[in-house]
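K.L.:
A structural model of the following input is requested.
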Amino acid sequence: MEVAAQGERLAADLGRWLAELTFVDLDTDEVTARVIDAVVRWAEAQGWRVYRRAPSVLPLPPPLEQRHSVLDVACARPDGPPVVVEVDHTDRARTVQKLRAEADAGRIPIWVRWGVGRFTTPEPPVRMVTVEVSRRAGPAGRGRLHSRIGDRPAPEHSTGGGTVATQALPIPLTDPLADPLSGPRKST
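P.N.:
Okay, here's the model as predicted:
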């Protein structure tokens with residue numbers, strides 16, 4: 001399978017995996033960490049070796065050009081090129097630059113963007129997976145809080161297999177709120 005098709009398939013698969021992700025009232029750093037953890041679980045479920053904060057091929061800008069940027073998640077696959085994933089809540093040109101450099105080095109780049117919407121899709125070969133959240137003002141000093149509530153349907157109720165009650169339930173003839181020792185309750 002060609003690399004572009006693999007990238008498309010992997011991004012779609014990761015998107016389905018992340019569609020199950022739910023959380024309530026997390027701050028920005030907590031959401032990013034939660035999404036990264038979910039990406040790691042997805043990659044591990046594929047049987048890949050997973051590295052957090054792996055070195056990127058892209059050097060840092062001056063004056064730190066001797067050091068390299070890092071990737072949120074890098075995955076070594078026995079049956080194809082490595083997969084690299086960046087997770088952001090903002091539209092960062094540096095992320096696209098980093099992921100394009102990774103693609104040029106033969107890796108499959110996926111950008112996971114989370115937020116309230118208005119995501120700008122990058123040019124291929126970078127694939128974008130979006131995680132939409134809602135946000136609200138948090139308590140003083142906490143900033144904005146983000147939530148993602150699943151829109152899964154309610155479970156189907158059982159329509160068989162149980163027994164149906166054939167006797168009517170007894171209905172008490174006395175006031176259930178009355179104290180049996182002092183008689184019926186008086187209204188005030």
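K.L.:
find the residue at the geometric middle of this structure.
P.N.:
Leu21 (3.8 Å; CA atoms, centre = their mean).
K.L.:
report the longest strand in the chain, please.
P.N.:
With secondary structure taken from DSSP state E, the chain has its longest strand at strand 49-59.
K.L.:
and the angle for the helix or strand just after it with strand 49-59?
P.N.:
Following strand 49-59 in sequence order, the next helix or strand is strand 68-76 (DSSP states H and E). Counting by axes from the mean of the first three to the mean of the last three CA atoms, to 10 degrees, strand 68-76 lies at 150 degrees to strand 49-59.
K.L.:
whatever helix or strand comes next after strand 68-76 packs against which elements?
P.N.:
Counting by DSSP H and E, the next helix or strand C-terminal to strand 68-76 is strand 83-88. If you count contacts as 3 or more CB pairs under 8 Å, 6 or more residues apart in numbering; DSSP states H and E, strand 83-88 packs onto helix 28-45, strand 68-76, helix 93-104, strand 108-115. The way it works is simple: take the backbone N, C-alpha and C, and place the C-beta from them, glycine included.
K.L.:
pick the most buried one from these.
P.N.:
Comparing these by mean neighbour count (mean count of other CB atoms under 10 Å), strand 108-115 comes out on top with a mean of 24.
K.L.:
how far does that one sit from the chain's center?
P.N.:
11 Å (CA atoms, centre = their mean, to the nearest Å).
K.L.:
surely Pro125 touches Gln6?
P.N.:
No. Counting by CB atoms under 8 Å, Pro125 does not reach Gln6; the two are 10.2 Å apart.
K.L.:
mind listing the shared neighbours of these two?
P.N.:
Ile108 (CB atoms under 8 Å, 6 or more residues apart in numbering).
K.L.:
returning to what we had before: how about the residue nearest to the centre of the chain, secondary structure?
P.N.:
Three-state assignment for Leu21 (DSSP: H, G, I helix; E, B strand; the rest coil): coil.
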